[in-house]
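Undergrad: Show me how the following folds:
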Amino acid sequence: MEVYVSPEVAAVRDLYDGLLGEDAARRTPVEHLRLLAGRLADGHRERWRGALVELTNWHPGLVGRPAEAVWSACLDERDHLTTAARGHGYPDWAAVDADPPGPAVQTFERCVEAVLAGDVDAVTTLVRAHPDLVTTRSRWGHHATLLHYVAANGVEIHRQRVPANAADMVRLLLDHGADPAAEADMYGGGRTTLALLLTSSHPARAGGVSVPSAISGYALGGGATSSTTQRSSARNKARVAGE
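TA: Have a look, this model is predicted:
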């Protein structure tokens with residue numbers, strides 16, 4: 001399956017090479033984000049492009065700044081921790097420290113990766129075996145659902161990838177009870193998948209990915225029945241990955 005990966009996303013994936021994947025899901029948020037912050041510090045020191053992308057997107061004092069301003073900035077561990085935290089939906093590092101570690105989240109994380117790879121068979125198998133996956137929330141501070149991840153906006157940059165069959169993936173999740181009205185907590189909160197899609201550059205760059213129409217059709221009653229939507233909305237209330 002063809003997957004659109006922007007140069008910026010590819011650079012961040014390279015930055016964190018060896019720190020993502022199955023092992024990441026076994027770590028606590030504090031453990032994982034400390035590892036990413038350490039790699040980010042290396043990247044800033046060595047001027048790796050992925051570090052530039054992360055810092056200009058998530059560091060509160062460097063958002064949108066030119067490269068030379070970023071490379072010349074005197075950053076310490078707190079800067080790197082804050083950037084890693086904000087890149088995972090937290091307002092700051094204190095929020096990570098205050099977030100109690102939850103149980104293992106391998107199944108949800110594996111399903112996220114299958115969604116972003118456009119692997120319909122794998123996602124179908126997982127959501128049939130674990131029906132609550134479609135309303136489960138990420139353990140990260142943005143509390144995204146699987147559906148939110150399709151928007152490629154506001155979640156971890158290394159996961160802002162768009163499979164060519166993204167619209168089909170959306171329909172699959174909706175058919176299994178995902179709630180198109182579910183809100184996640186990135187950018188101050190209250191973000192639906194459709195709202196994120198409409199402000200996301202990645203699906204537009206991918207071209208021919210008609211995800212917004214797939215979601216809006218359901219929201220207007222063109223897909224899931226109202227009873228299905230009501231049931232998924234009720235399940236959506238406080239479901240967090242691993243609970």
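
Undergrad: can you pull the buried residues of the longest helix seen in the chain?
TA: Secondary structure of the chain per DSSP state H: the longest helix is helix 29-46. For helix 29-46, burial by neighbour count (16 or more other Cβ atoms under 10 Å) applies to 29, 32, 33, 34, 35, 36, 37, 39, 40, 41, 43, 44. For every residue, glycine as well, the C-beta is placed using N, CA and C.

Undergrad: Stretch 65-78 now?
TA: Quick answer for stretch 65-78 (16+ other Cβ under 10 Å): 70, 75.

Undergrad: Can you tell me how far the spatially closest residue to residue 22 that is not a sequence neighbour is from residue 189?
TA: Among residues not flanking residue 22 along the chain, residue 106 sits closest, at 6.9 Å (Cβ to Cβ, 6 or more residues apart in numbering). Counting by Cβ to Cβ, to the nearest Å, the separation of residue 106 from residue 189 is 27 Å.

Undergrad: Got the domain ranges for the chain?
TA: Using automatic domain parsing, the domain ranges for the chain come out as 29-98, 106-236.

Undergrad: and the ones you listed, which one's lowest on average pLDDT?
TA: Across those, domain 106-236 has the smallest mean pLDDT, namely a mean of 84.

Undergrad: Phi and psi next, for the residue lying farthest from the centre of the chain.
TA: Most distant residue from the mean C-alpha position of the chain: residue 72, 29.4 Å away (Cα atoms, centre = their mean). The phi and psi values for residue 72, taken as degrees, to the nearest 10, are phi -90, psi -10.

Undergrad: Looking at residue 106 and residue 189, which one has more neighbours?
TA: Neighbour count, other Cβ atoms under 10 Å: between residue 106 and residue 189, residue 106 has more, with 14 against 11.

Undergrad: just the strands in this protein please.
TA: Secondary structure of the chain (DSSP state E): strands at 3-4, 162-163.

Undergrad: I'd like to know how many residues surround residue 148.
TA: Residue 148, neighbours per other Cβ under 10 Å, totals 28.

Undergrad: let me redo that: residue 86
TA: Residue 86, neighbours per other Cβ under 10 Å, totals 22.

Undergrad: Quick check: closest non-adjacent residue to it.
TA: With Cβ to Cβ, 6+ apart as the criterion, residue 86 has its nearest non-adjacent residue at 4.1 Å, and that residue is residue 58.
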